[in-house]
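Novice: output the structure for:
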Amino acid sequence: MTNTDAVFNGSIPEIYDEYLVPMIFEEYADDLAERVVSNEPASVLELAAGSGVVTRALAPKLSPSSRYMVTDLNQTMLDRASSVQPPDDRIEWRQADALDLPFDDDSFDVVVCQFSVMFFPDKVAGYAEARRALKPGGMFVFNVWDDIESNEFSDIVTQGAAEVFPDDPPLFLARTPHGYHDVEQIRADLVAAGFADISIDTLEKVSSAPTARHAVIGYAHGTPLRNEIEALGGSALELVTERATKLIAARFGDGPVAAKMRGHVVSAHSPST
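Specialist: Residues are numbered from 1 along each chain as shown. Okay, here's the model as predicted:
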């Protein structure tokens with residue numbers, strides 16, 4: 001991971017929410033929400049909430065008396081999430097580093113995190129913080145993307161960027177979002193952090209966009225990949241956008257496009273005693 005891989009600033013939060021959320025995140029958010037509510041939690045902590053797709057899916061399903069703490073490292077993403085969330089007195093928004101949580105031990109029944117543990121610079125330390133914040137027997141549930149080859153739009157955008165800049169290819173998508181997919185490594189990291197009763201499900205879904213260019217804008221303009229591309233100077237962002245758009249259109253057509261995506265859903269529990 002580089003210093004810019006976790007930087008979501010400028011127009012990135014809005015583009016991320018408008019383009020990527022419906023294209024790749026909503027179905028997985030609905031899945032996480034169902035897993036959380038199956039535990040009937042009175043208190044939930046969300047880590048790295050991003051633009052709030054899980055918050056929007058989960059909040060309507062929680063009990064009226066529940067407490068829901070929503071956090072993210074980037075205040076810009078929290079601002080976007082809170083601005084599109086219906087008013088809800090149960091929700092508290094708080095900027096927080098998942099590796100140094102500002103909460104007491106044993107505070108929450110469930111900790112949930114969607115497609116963000118890949119950004120933790122120290123996975124075991126991040127997991128240990130989640131366990132510390134959980135009540136005994138509490139559940140930690142999160143998801144991660146599978147390898148980039150199993151996520152076709154992401155793979156093609158990365159290929160397009162590499163074709164434009166073969167000597168210095170922008171590899172954010174392969175390096176970070178798709179860089180932590182080994183389920184045995186994930187399991188070992190959770191055990192090292194003190195978790196037990198670990199289960200991992202692999203879910204394959206379909207990613208859809210109205211046009212090939214729409215799909216590319218989501219990835220190239222709405223993630224920190226943009227930071228990496230723009231650092232190359234000049235018209236780099238538009239050159240990558242045009243090349244990746246042509247590649248997706250050549251493979252999936254000029255109209256609405258759909259491609260395979262795959263992720264792992266992980267649940268683990270804090271020891272009961």
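
Novice: what helix or strand is Ala6 on?
Specialist: For Ala6, there is no helix or strand it lies in under DSSP states H and E.

Novice: let me see the backbone angles for it.
Specialist: Backbone geometry at Ala6, expressed as degrees, to the nearest 10, gives phi -110, psi 20.

Novice: how close does it sit to Val157?
Specialist: Note on Ala6: its distance to Val157, by CB to CB, to the nearest Å, is 19 Å. For the C-beta atoms, the positions are set from N, CA and C on the backbone; glycine is no exception.

Novice: the two - which one has more neighbours?
Specialist: More crowded of Ala6 and Val157, by other CB atoms under 10 Å: Val157, with 30 against 18.

Novice: help me confirm that the more buried one comes into contact with Ala244.
Specialist: Yes: applying CB atoms under 8 Å, one finds Val157 in contact with Ala244, separated by 4.6 Å.

Novice: common neighbours of those two, please.
Specialist: Any residue near both Val157 and Ala244 by CB atoms under 8 Å, 6 or more residues apart in numbering counts here, and that gives Val216, Tyr219, Ala220.

Novice: ok, the closest residue to Asp197 other than its chain neighbours to Val157 distance?
Specialist: Nearest non-adjacent residue to Asp197, counting by CB to CB, 6 or more residues apart in numbering: His269, 4.3 Å away. Distance, His269 to Val157, by CB to CB: 36 Å.

Novice: quick one: buried residues of stretch 149-169?
Specialist: Residues of stretch 149-169 classed as buried by neighbour count (16 or more other CB atoms under 10 Å): 150-162, 164-165, 169.

Novice: now do stretch 135-151
Specialist: Within stretch 135-151, the residues scored as buried using 16+ other CB under 10 Å are 135, 138-146, 148, 150-151.

Novice: with stretch 33-50 instead?
Specialist: By 16+ other CB under 10 Å, the buried positions in stretch 33-50 come out as 33, 35-37, 39, 41, 43-50.

Novice: check stretch 240-259 too.
Specialist: Val240, Thr241, Arg243, Ala244, Thr245, Lys246, Leu247, Ile248, Ala249, Phe252, Val257, Ala259.

Novice: who are the packing partners of the helix or strand containing Tyr28?
Specialist: Element membership for Tyr28 (DSSP H and E) is helix 26-37. Counting by 3 or more CB pairs under 8 Å, 6 or more residues apart in numbering; DSSP states H and E, the packing neighbours recorded for helix 26-37 are helix 53-58, strand 108-114, strand 134-145, strand 196-209, strand 257-269.

Novice: for the second one, give the mean pLDDT please.
Specialist: To tie it back to what came earlier, the one meant is strand 108-114. For strand 108-114, mean pLDDT rounds to 98.

Novice: for stretch 123-136, same thing?
Specialist: Mean pLDDT, stretch 123-136: 98.

Novice: circling back to that earlier point, can you get me a residue count around the residue nearest to Asp197?
Specialist: Neighbour count of His269, defined by other CB under 10 Å: 20.

Novice: that older thread, relative orientation of the helix or strand following the helix holding Tyr28 and helix 26-37 in degrees?
Specialist: Where DSSP H and E defines the elements, the next helix or strand beyond helix 26-37 is strand 43-47. Strand 43-47 runs at 150 degrees relative to helix 26-37, counting by axes from the mean of the first three to the mean of the last three CA atoms, to 10 degrees.

Novice: what sits closest to Leu47 if chain neighbours are left out?
Specialist: Cys113 (4.1 Å).

Novice: wait, that neighbour touches Val44, no?
Specialist: No: between Cys113 and Val44 there is no contact under CB under 8 Å: 11.2 Å.

Novice: OK, contacts around the residue lying closest to Ser65 once chain neighbours are set aside?
Specialist: Using CB to CB, 6+ apart and skipping residues adjacent in sequence, the residue nearest Ser65 is Ala42, 7.0 Å away. For Ala42, the contact set (CB under 8 Å, 6+ apart) comprises Ser63, Ser65, Ser66, Arg67, Asp109.

Novice: surely Gln75 and Arg94 touch.
Specialist: No: taking contacts as CB under 8 Å, Gln75 lies outside contact range of Arg94: 9.9 Å.
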